[in-house]
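A.B. asks: how does the following fold in three dimensions:
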Amino acid sequence: MPVVAEELVIGQEMTPAVKQMTLERMNRPLMTGSNPIHYDPAFARNAGLPAPIATGVMSSAFLSEMLTTAFGVDWIRSGSIDVKFIRPIYAGDSVMARGRITGKSATSTGVRIALEIWCETQRGEPVTVGTADVVVH
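C.D. replies: Sure, this is the predicted structure:
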């Protein structure tokens, strides 16, 4: 079902995407960058970490999934994100991708929706923060 720009309001939160960070998910070749710190518990411990850490690609993908669910094809056609990775996500963490509308403005092709986006762990700690925008047609 298409998104209706008039129904979107500043302050509105997107439906979160919740993911469990498992070693199985983290061990996929595309997600490891061939670095054992992302999938090998012993290697991570030797590096001083309590568990392997996820790559930033994973939290970015969770945010994009949330935005695809919220905006559908408009996100695929016109969406963009800008994020920073501020804390590690460890194997075993539950990660929630979240977003909130911060602005709306008319464009020649639709309505540009600006968002604050972030991922947080089950501890309520932000791990990835940034912004996104999408033009809703």
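
A.B. asks: show me where this protein has its helices.
C.D. replies: According to DSSP state H, the chain carries its helices in the segments 23-26, 29-32, 41-46, 56-71, 73-78.

A.B. asks: could I get those as TSV with distance to Val111 and mean neighbour count?
C.D. replies: In short, each C-beta sits where N, CA and C put it, glycine included. Below are the helices of the chain laid out as TSV (distance: least, Cβ to Cβ, whole Å; neighbours: other Cβ atoms under 10 Å):
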stretch	distance to Val111	mean neighbour count
helix 23-26	35	15
helix 29-32	34	12
helix 41-46	44	13
helix 56-71	11	20
helix 73-78	10	16
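
A.B. asks: nearest to Leu115, out of those helices?
C.D. replies: helix 56-71 (7.7 Å; Cβ to Cβ).

A.B. asks: please enumerate residues in contact with the closest one?
C.D. replies: 3, 14-17, 19, 21, 25-26, 30-31, 75-76, 79, 81, 83, 85, 89, 95, 97-99, 113, 115, 117, 119, 127-128, 130, 132, 134, 136 (Cβ atoms under 8 Å, 6 or more residues apart in numbering).

A.B. asks: sorry, back to before: and the helices of the chain, which one is worst for confidence?
C.D. replies: Looking at the helices of the chain, the lowest mean pLDDT belongs to helix 29-32 (a mean of 68).

A.B. asks: as TSV, the helices of the chain with distance to Gly103 would be great.
C.D. replies: TSV is the format used below for those (distance: least, Cβ to Cβ, whole Å):
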stretch	distance to Gly103
helix 23-26	33
helix 29-32	32
helix 41-46	40
helix 56-71	15
helix 73-78	15
